[in-house]
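**Q** sequence below, structure please.
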Amino acid sequence: MNAFQWTDATSVKQATGQNTTPVADAMLVNAKPESATIFKAGGVDVLDLMKEHVLAPARIVGIGNLPKLDAIRNAGKDGTHLGALVTLAQLERDGDLHKSYRALTEAVSHAATPQVRNAATLGGNIMQRPHCWYFRNENFKCLKKGGTVCFANQPGAENKYHAILGNQTCSAVHGSSISTALVAFGAQVELTGPQGVRRVPLEQFFVTPEKDVKRENSIQPNELITDVLLPTPAAGTGSWYIKFGERESYDWALADVAVVLEQQNGRCTKASIVLGAAAPVPLRAAAAEAALIGKPINEETARAAGQAATTGATPLEHNAYKVPIFAAIVKRAILKAGEV
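**A** Predicted coordinates for the structure are as follows:
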C-alpha cells in the first residue's frame, strides 16, 4: 500500500470542496496517482483496492464523521431516508425497516459478516467496485482500468462467477447485493456536490459497460452520496430477498434476487424483480415481472416467472449453472413475497 495524505472533513461542504476524483477514474491505467484525491467512509472496499495495488491515491478525505448522515428517518408518506453513513448493522436491526422493507433487511443480513456490517456504510456498499479477479489483479489491464480487453470473456478464462446477462462488453458483476433490494423498492440516491444536490433513481444511477465500461455509476468529481430515499410501499405490498452462494457466511453471491409485489383481490398488480450477480448492474427482470401482472401468485405463475427471469441470457464458458439457480430462487422469492 502506498503512502498518502489524510484530510478529515467536518462538513459536506468541506468534503465536496476537496477536488476529489471518483475511485473509478483514479484506477485507470493512465491515471496520475500523485494527483488523485478520493473519499473514504467505512473504507472496506477502498482499503482492499489499495492493498491489491490497483488503487494508489495521493490523498484521502475521510467522511466517516460527517454530521447528520448516519440516521434513518421516516418521512411518512414521503418515504424513508437512509443516510449514506448509516452502517449495514444499523439497517439490519431497524425494526421499522424490517416491517416495511423486508427484502432490504434480508439482503443486509446476508452481506459479509457482523464485523464488516458494523463498519461498512450504505453509501460505500453502493459505490463498491466489482470483485472480478482480473479487475482486482494489478497484472491485468482490463477494460475497466482503461485497457483493451475483458479477460473474463476470453476463451479459457476463469469466469464461473461472472455475468450471464449484458456481458458482451464486460462480464464483471456488480458487487452490491444490497443494491439489488434497493432497486427493487424504487430507491433514489441523493448526490451532493459543489453545484448543489441532485436526486437520481438508483436504477438509473448505475451505468452499463456499453455506456461506460470504466465505471459502474454516474457519480461526478467532488460528488458524494448523502442520502438514499425509499418510497413508502403501497398497501398490499410484500417483498423478499434470496442470496445463493457457495457458503452461507462471508461470501459473495453466485446469484441473488429481490422481489417486491403489490396485490389486490388476490392478483398481482405490480411486480419488481431485480437480479444480482447476473449482470454488470442490478438488473430488472422485465419478462418475469410481466409474467405475474394480473395473475394470482402461486406455484404455477411463480415457476413461469422464474423461467422468464433469465430471458436472453448468454452464459460464458463456466457459468451456465447460474441459469437454473436464478429460475429456482426467483420462484421461491416470489412465493415468499406473495405471502402478504
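**Q** how much space between residue 175 and residue 108?
**A** 14 Å (C-beta to C-beta, to the nearest Å). For the C-beta atoms, the positions are set from N, CA and C on the backbone; glycine is no exception.
**Q** which one's more surrounded, the two?
**A** Taking other C-beta atoms under 10 Å, residue 175 and residue 108 do not tie; residue 108 has more neighbours (28 against 21).
**Q** does the more buried one sit in a helix or strand, and which one?
**A** Assigned by DSSP states H and E, residue 108 falls within helix 102-109.
**Q** look at the closest residue to residue 261 other than its chain neighbours and report its pLDDT.
**A** Using C-beta to C-beta, 6 or more residues apart in numbering and skipping residues adjacent in sequence, the residue nearest residue 261 is residue 337, 4.7 Å away. On the pLDDT scale, residue 337 is placed at 98.
**Q** would you confirm that residue 337 contacts residue 103?
**A** Yes: contact criterion C-beta atoms under 8 Å: residue 337 and residue 103 qualify, at 7.4 Å.
**Q** overlap in contacts of the two?
**A** Here residue 337 and residue 103 have 239, 240, 259, 260 as joint contacts, going by C-beta atoms under 8 Å, 6 or more residues apart in numbering.
**Q** for whatever helix or strand the last one lives in, buried residues please.
**A** The reference is to residue 260. Secondary structure assignment for residue 260, by DSSP H and E: strand 255-264. Buried residues in strand 255-264, counting neighbours by 16 or more other C-beta atoms under 10 Å, are found at 255, 256, 257, 258, 259, 260, 261, 262, 263.
**Q** ok, residue 312 - contacts?
**A** When contacts are counted by C-beta under 8 Å, 6+ apart, residue 312 touches residue 165.
**Q** same question, the one 10 residues further on
**A** With contact set as C-beta under 8 Å, 6+ apart, residue 322 has these partners: 164, 254, 255, 277, 278, 310, 315.
**Q** and the last one, what element?
**A** Think residue 315. Counting by DSSP H and E, residue 315 is found in no helix or strand.
**Q** that one touches residue 163, doesn't it?
**A** No: here residue 315 does not reach residue 163: they are 9.1 Å apart, not a contact under C-beta under 8 Å.
**Q** ok, back up a step: now distance to residue 46 and pLDDT too, for the contacts of residue 322, in CSV please.
**A** Shown next, in CSV, are these (distance: C-beta to C-beta, whole Å; pLDDT from 0 to 100):
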residue, distance to residue 46, pLDDT
164, 29, 98
254, 25, 97
255, 27, 98
277, 22, 98
278, 26, 98
310, 33, 97
315, 32, 98
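**Q** name the member of these that has the highest neighbour count.
**A** Going by other C-beta under 10 Å, residue 278 tops the contacts of residue 322 with 32 neighbours.
**Q** nearest spatial neighbour of it, skipping sequence neighbours?
**A** Nearest non-adjacent residue to residue 278, counting by C-beta to C-beta, 6+ apart: residue 165, 5.1 Å away.
**Q** now for the one you found, how many residues are close by?
**A** 24.
**Q** doesn't residue 281 make contact with it?
**A** No: contact criterion C-beta under 8 Å: residue 165 and residue 281 do not qualify, at 9.7 Å.
**Q** can you tell me how far residue 158 sits from residue 170?
**A** 15 Å.
**Q** nope, residue 277 is what I meant
**A** 14 Å.
**Q** same deal with residue 217?
**A** For residue 217 relative to residue 170 (C-beta to C-beta), the value is 14 Å.
**Q** please apply the same query to residue 57.
**A** 23 Å.
**Q** just residue 254 next, same as before
**A** Counting by C-beta to C-beta, the gap from residue 254 to residue 170 is 18 Å.
**Q** repeat for residue 333
**A** For residue 333 relative to residue 170 (C-beta to C-beta), the value is 27 Å.
**Q** repeat that for residue 90.
**A** Counting by C-beta to C-beta - residue 90 and residue 170 are separated by 33 Å.
**Q** the two - which one has more neighbours?
**A** residue 170 (27 against 20).
**Q** in the stretch 201-340 of the chain, what residue spans correspond to strands?
**A** For the stretch 201-340 of the chain, applying DSSP state E, counting those that start in this stretch gives strands covering 224-230, 237-244, 255-264, 267-276, 283-284.
**Q** looking at these, which is buried most?
**A** strand 255-264 (a mean of 26; mean count of other C-beta atoms under 10 Å).
**Q** mind exporting it as PDB, just the C-alpha atoms?
**A** Taking C-alpha atoms only, strand 255-264 is exported to PDB below (Å, rounded to 0.1, in the frame of the first residue of the first chain):
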ATOM      1  CA  ALA A 255     -27.000 -15.400  -7.700                       C
ATOM      2  CA  ASP A 256     -29.400 -13.200  -5.700                       C
ATOM      3  CA  VAL A 257     -32.800 -11.800  -6.200                       C
ATOM      4  CA  ALA A 258     -35.100  -9.200  -4.600                       C
ATOM      5  CA  VAL A 259     -38.900  -9.300  -5.300                       C
ATOM      6  CA  VAL A 260     -41.400  -6.600  -4.400                       C
ATOM      7  CA  LEU A 261     -45.100  -7.400  -5.200                       C
ATOM      8  CA  GLU A 262     -48.300  -5.400  -4.900                       C
ATOM      9  CA  GLN A 263     -51.500  -7.400  -4.800                       C
ATOM     10  CA  GLN A 264     -55.200  -6.600  -4.800                       C
END
